Every structure is written in C-alpha cells, then in structure tokens.
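I would like to see how this sequence folds:
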Amino acid sequence: MNSMEARLGEAARTVPLPHPWDLNAYLAQVAAYRSRPLSLQPVHRSVLADIGCGGNGLWIARKYDDIIVYDAAASGRNTEHIVLHAVGHMLLGHGDLDAPAAELSPTLASVLSSMSPGSVAHVLGRDDFGDERERDAGVFAEMTMVYATLPRRKQRSFRLFGRGR
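Below is the predicted model of the structure:
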C-alpha cells in the first residue's frame, strides 16, 4: 500500500461514512471529530472566480469553526464533490490552523458580511495547497462518493481502483 492509500484509508476510518449516505450526517460527523462546527455557504460563482477559485470551493478556517464556500449553482453531485474535496483537506491534515490570520478578499467579505474579519484563520482555495495535496483531496472526494454509493458490507477498506482485494 502506498502512502496516499494509507492516508486516504486513515481518513476514511477516522470518520466513517453513514449508511445510507447522507452528506449532512457525514458533515456532522466530521465536525464532531474535529470538535469544530462546520457549515456550508453557497455563493455566486463570480465571487469564487473573483478570488481565484474559478468556480470551485473554498475552505475558510476560523478560530473555532470551519466554513466550506461553494458555487450555489453547482449540481448536486458537483456540490458534493466540492464539499468532500474540502473535507479531504481537513481530514488529510492540510492547512495550518496555527498560522497567522488570513484576510478575506473584499468580494468574499461582502458576501459573508456576518463574518468578523478578525475571526478568519485561513482562507484556503485550490492554489493554497500544492499539486500533491490537491490530488489527494480530489481522490478523497471521488473515493468517498464511490464508497458512499456501494452496498454496505461488514468490513470495507478504502482502496484505490485496481489495488487490493
């Protein structure tokens, strides 16, 4: 097993997938595991484009909670992928919550007007993680979506396609 498989497997064991699949139930489990509330914030695609996310998602890590910002017009499956991609970054340990506070862009701040600028620890978009971490979070999202739709088995390990049993 390579290191990516090991990290993905550990992340999947850390917060098991609910059966039947329910994204909101899974996010509640992620929040409980991280001991931090987790909320979703749909925004217009132009807001994401203005801050360089090109219609993808954004993880805002505040001092005591996490917010996943996503394109409000995304389809159900695409929304799940965007959200699970951000969760992948969280569960795979990407992002340093002890780093200096980040600033919200004026465009994002205007949409998230109820958010105190001083409360933001990180604003983490696709360009903030590097290629390897982006790939890992993308694989986490895809594999989570695949495993969430498979019939329930007593024991299921998280394996990349074509590997393992």
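
what about the helices in the chain?
Listed in chain order, the helices of the chain (DSSP state H) span 3-14, 23-34, 45-50, 76-91, 106-111, 131-149.

Now distance to Y64, mean neighbour count and mean pLDDT too, for the ones you listed, in a markdown table please.
All C-beta atoms are positioned from the backbone trio N, CA, C, and that covers glycine. Shown next, in a markdown table, are the helices of the chain (distance: least, C-beta to C-beta, whole Å; neighbours: other C-beta atoms under 10 Å; pLDDT from 0 to 100):
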| stretch | distance to Y64 | mean neighbour count | mean pLDDT |
| --- | --- | --- | --- |
| helix 3-14 | 20 | 15 | 75 |
| helix 23-34 | 11 | 16 | 96 |
| helix 45-50 | 24 | 17 | 78 |
| helix 76-91 | 14 | 21 | 91 |
| helix 106-111 | 19 | 15 | 67 |
| helix 131-149 | 23 | 17 | 85 |
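
In CSV: the ones you listed, plus distance to A61.
Listed next are these as CSV, based on distance: least, C-beta to C-beta, whole Å:
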stretch, distance to A61
helix 3-14, 17
helix 23-34, 10
helix 45-50, 17
helix 76-91, 8
helix 106-111, 14
helix 131-149, 14
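
What distance do you get for the residue lying closest to I68 once chain neighbours are set aside to R152?
Using C-beta to C-beta, 6 or more residues apart in numbering and skipping the chain neighbours, the partner closest in space to I68 is A86 (4.5 Å). According to C-beta to C-beta, to the nearest Å, A86 and R152 sit 25 Å apart.

before we move on, what about A32?
Taking C-beta to C-beta, one finds A32 at 21 Å from R152.

and what of A141?
20 Å.

Kindly report the same for S46.
41 Å.

again, but for G88
22 Å.

Can you give the contact residues for stretch 81-97?
7-8, 11, 14-15, 23, 26-27, 30, 33-34, 40, 56-59, 61, 66, 68, 70-71, 74, 121-122, 124, 128-129, 133, 136-142, 144-145 (C-beta atoms under 8 Å, 6 or more residues apart in numbering).
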